[in-house]
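Engineer: sequence plus the predicted model coming up.
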Amino acid sequence: MPIFLKIITCKHMTPFLGLLLILMITFIGVRFFSRTTILKTPLLSGLIVSGVPYILIGVFLGPQVFNFLNINVLNSLQPLISMAIGWVGLLFGLQLRWRNIRRFPLNYMLFTSVQSLITFFFIFILMGILIYLMSPPLLENHLAGVLILAALGSMTAPLSIGRIIIENRIKG
């Protein structure tokens, strides 16, 4: 392990330092990913929009890899995390207008729904098999994680394709 990772261990991590670490990584990520050269590359912009980098950062900072944000820190930040997720849900709910959704033809909504379901089941089966091969007796404990990853994948699949369609100005 590199020396700079040994300096900050989970023994010294407090909820305040954990929040500062999250804010610092967020600031650096926004500065790096908002460059126009990165956003012009379709593969990189699609990857950024999909949310995969955020999942990977969470895994690396969490108790499974570097243990910067250990269980105690995450439990202490739970009220803040719940409020942030609730705020995002409120903003999405306030902007949802059924008249805007009805503007799209039924086949678009059907295609998007089928694509999301296929993506959900593909990720669920693939991750379920991988986790079963890695740790068969602990399958029940990892079912929630597999469901969350499958749900995240199904949410971002239509978004990535929509982003590609918009960037390449595809018609039809």
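Structural biologist: Nice, I can see it. Numbering: from 1, shown residues only.
Engineer: how about N67, secondary structure?
Structural biologist: coil (DSSP: H, G, I helix; E, B strand; the rest coil).
Engineer: let me fix that: F104
Structural biologist: coil.
Engineer: just give me the neighbour total for it.
Structural biologist: 10 (other C-beta atoms under 10 Å). The way it works is simple: take the backbone N, C-alpha and C, and place the C-beta from them, glycine included.
Engineer: what about it, distance to F122?
Structural biologist: 24 Å (C-beta to C-beta, to the nearest Å).
Engineer: what's N67 sitting at in phi/psi?
Structural biologist: Recorded main-chain torsions at N67 are phi 60, psi 30, according to degrees, to the nearest 10.
Engineer: near it, how many other residues are there?
Structural biologist: By other C-beta under 10 Å, 16 other residues sit near N67.
Engineer: equivalent analysis for M127, please.
Structural biologist: 18.
Engineer: pLDDT score assigned to it?
Structural biologist: At M127, the model reports a pLDDT of 86.
Engineer: again with S82
Structural biologist: S82 carries a pLDDT value of 91.
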